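J.: Next come a sequence and a model predicted from it.
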Amino acid sequence: MSARELYREGQLLLTEGEAPGCITMVSGAIEIGGMEVPWLMTRAVAHLQLGQYAEAMADCDEMMRLDVENPQLYFLRGTLCRRMNRAEDAIANLTQAIQIDPNYAIAYLERAICFMQCQRTAEAEEDLRWVVMCNETALQGFGDEMGMMRTQQEAVEAMREGERDYPRLRMPEAEVEEMLRVLQ
């Protein structure tokens, strides 16, 4: 298989929930074809899904060398920092992602979670309000691309109005409950 074929196979495995297989395929692509940001990003997401934070951060560090203006890199670093209980570092990375791309809806949502962890409720509420107002396609597009979140603006608005349950995100139930508490 060529490096590109290995990468495509790794992507497919990731979408099927086969993170270990993804890591194997993408690592093979990197060995054959060298470092490419999308390849490193895919492998980092697979490591994140497996809770292998040090490995995911190593891939982020390598991406940083290759593309410092990539908002997805800072989003991923922010997510990793939050999962490693480094909320302030997460906020800094997520803020960088937002500075690069002010319409990066998922970064606002992730930053709101970090603000809540730091008891910075007013800032969390501000980010959550922005997410509710954001363009549905921006939020859905990221979910389709990274497979980390799927929701619709109407579902978020309906939840905020109390008309239906919170749209299911791939995050711990405690975070969902905290987000609901802030919105109420």
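T.: Thanks, I have the structure now.

J.: Could you find the closest non-adjacent residue to residue 79?
T.: Setting aside the residues directly before and after it, residue 79 is nearest to residue 110 in space (CB to CB, 6 or more residues apart in numbering), at 5.9 Å. In short, each C-beta sits where N, CA and C put it, glycine included.

J.: got a pLDDT number for residue 17?
T.: Looking at residue 17, its pLDDT reads 89.

J.: can you list the weak-confidence ranges in the protein?
T.: For the chain, the stretches with pLDDT under 70 are 134-184.

J.: Going by residue numbers, what spans are helices in it?
T.: 3-15, 19-33, 37-49, 53-66, 71-83, 87-100, 105-117, 121-133, 136-146, 153-160, 173-183 (DSSP state H).

J.: Could you pull out the buried residues of the third one?
T.: Judged by neighbour count (16 or more other CB atoms under 10 Å), helix 37-49 contains these buried residues: 37, 39, 40, 41, 42, 43, 44, 45, 46, 47, 48, 49.

J.: nearest to residue 100, of these?
T.: Closest approach between the buried residues of helix 37-49 and residue 100, by CB to CB: residue 37, at 14.0 Å.

J.: For that closest one, give its distance to residue 113.
T.: 25 Å (CB to CB, to the nearest Å).

J.: follow-up on the earlier one: I figured the residue nearest to residue 79 was touching residue 94, is that so?
T.: Yes. Using CB atoms under 8 Å, residue 110 is in contact with residue 94, at 5.6 Å.
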